[in-house]
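S.K.: A structural model of the following input is requested.
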Amino acid sequence: MEIKKNYNSSSSLHSRKTAPVRSAGSTSASSGPRTHSSSSRTHEGSFARGRGVGGNNNGGSRHSSGGHFAHARPGASRSRGGSSRGRGKGQHIDISKFINKTVILEEAAVFVPDNLFKDFHIDERLKANILSKGYNTPTPIQDRVIPHILHGEDVVGIANTGTGKTAAFLIPLINKVLLDPKEKVIIMAPTRELAQQIDAELKDFTKGFKIFSVCCVGGAPIGRQIADLRYHNNFIIGTPGRIKDLIERKHLNLSGFKSVVLDEADRMLDMGFIADMRFMMNMMPKPRHTLFFSATLSREIEALIKDFLTNPIMVSVKTQDTAQSVEQDIVRIRPGEDKIEVLHNLLIQPEFKKVLVFGRTKHGVEKLALALTKRGFKAQSIHGDKNQGQRQRALDIFKKNMAQILVATDVAARGLDIAGVSHVINFDIPETYDDYVHRIGRTGRAGKKGKALTFIG
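M.R.: Just a heads-up that it's a prediction; the model follows:
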């Protein structure tokens, strides 16, 4: 098998062949929340109208008639700061979940959108900016949710990472601002990097418009953010902690914000932001327009949906936990082997062009990055002990292909869109399976293939 030939180390790699899931569309109804789905394997609750079929989620049950959600995250404890900040020992993850050698037995159904971007009822100037970015055909999540957001409905969007969720909410909200320049929108994200990425995409879509934003994140000078908040801004994008800080300092008043986006809500919950989220939502007027995006649903997420949203449309385009574009395998570290040496022998292979290496702790990540640099690799690191400027510089160097390797904690596991990542390597096993799913979602994006390797000791 070629994989054994390519990975030239004394470690053994194992692979398992599985058939891909075929997507399909149908409609079912029940007394639960209004729900749409394009998934053939979904666990997001019952349908009232839509295109989805209820399936199994890793052996789970089909949709319940009462509209309750499957509980996807057992065992993960909650504490602010994510997996590198004391979330305990985490879940036991069967190593078979790290192996997925896909063999195409029959072609999956090709997604055919109901809309093209040019068909949406949005401002022609916005359409021009969308097309200039090379966007023509919406992704499934964009195709399903944009019409509902344009109609002013509350939306819960469930989708795998890398499926275009950011544009799905930005495009209709920008259109709302173009229709009413006094409209104000607040967008909350779990990490600084994701907030900055959303802000950057907003600026791309609004080129030539008099639409302004402030990105409010920790680790960056608060004075600059305070100064920017003195002007009229249609969009405030930030992390819950920094936004709450600015509110308490009386530099930000949410009473005029009638639209809110909670992006990667499950991650914000994991990081201990629940109290901050509730604090900010209570500061906003009612009725308001609330958009809620998450990759998973749990009892806690279900409770937030009930508290924060009004009669929401639920849209699920989640097909399976991990993308079929990512080939997954394990690297066994034998007794006495030097783990860094094994990593070294992988990184010198020519196909390892742009590699994201995940470690569990801030100290471990920094130590590994320094060790790789001493071995002659061009490596950068991202973790919570670095300030925002340092993290952004490391990310930019990696994005621009000036470094082969980015070593990171789970702060880089969600939301970041880095083009051309050839491999994700889990140097340390993640705390939870959800963390694993999001880590490996950094590769195999935008129609490209990727590979994920997990070190097993």
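
S.K.: mind checking the SS state of the residue in the chain sticking out farthest from the centre?
M.R.: The centre of the chain is farthest from one residue, residue 336, which by C-alpha atoms, centre = their mean lies 36.8 Å away. Using DSSP: H, G, I helix; E, B strand; the rest coil, the secondary structure recorded for residue 336 is coil.

S.K.: contacting residues around it?
M.R.: Residues near residue 336 by C-beta atoms under 8 Å, 6 or more residues apart in numbering: none. The C-beta positions use only the backbone N, C-alpha and C, and glycine is treated the same way.

S.K.: return the distance of it relative to residue 457.
M.R.: Between residue 336 and residue 457 the computed distance is 11 Å (C-beta to C-beta, to the nearest Å).

S.K.: now residue 135
M.R.: Counting by C-beta to C-beta - residue 135 and residue 457 are separated by 43 Å.

S.K.: what does residue 365 give?
M.R.: Applying C-beta to C-beta to residue 365 and residue 457 gives a distance of 17 Å.

S.K.: more neighbours, these two?
M.R.: Between residue 365 and residue 457, residue 365 has the larger neighbour count (other C-beta atoms under 10 Å), namely 28 against 11.

S.K.: thinking the more buried one is in contact with residue 408, fair?
M.R.: Yes. Between residue 365 and residue 408 a contact is recorded at 6.3 Å, counting by C-beta atoms under 8 Å.

S.K.: shared neighbours of those two, anything?
M.R.: With C-beta under 8 Å, 6+ apart as the test, residue 365 and residue 408 both reach 359, 381, 382, 383.

S.K.: select only the buried ones of those in PyMOL?
M.R.: In PyMOL, this line selects whichever of the shared contacts of residue 365 and residue 408 come out buried by 16 or more other C-beta atoms under 10 Å:
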select buried, resi 359+381+382+383
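
S.K.: surely residue 296 meets residue 434?
M.R.: Yes. Using C-beta under 8 Å, residue 296 is in contact with residue 434, at 5.8 Å.

S.K.: for the closest residue to residue 366 other than its chain neighbours, give me the backbone phi and psi.
M.R.: Distances taken as C-beta to C-beta, 6 or more residues apart in numbering put residue 381 closest to residue 366, at 5.5 Å, once the chain neighbours are dropped. Dihedral pair for residue 381: phi -140, psi 150, per degrees, to the nearest 10.

S.K.: tell me how far residue 381 lies from residue 391.
M.R.: Taking C-beta to C-beta, one finds residue 381 at 9 Å from residue 391.

S.K.: strands of the stretch 51-200 of the chain, start to end?
M.R.: For the stretch 51-200 of the chain, the strands defined by DSSP state E, counting those that start in this stretch cover 101-102, 155-158, 185-188.

S.K.: tell me which of these sits nearest to residue 221.
M.R.: Closest to residue 221 of the strands of the stretch 51-200 of the chain is strand 185-188 (C-beta to C-beta; 20.3 Å).
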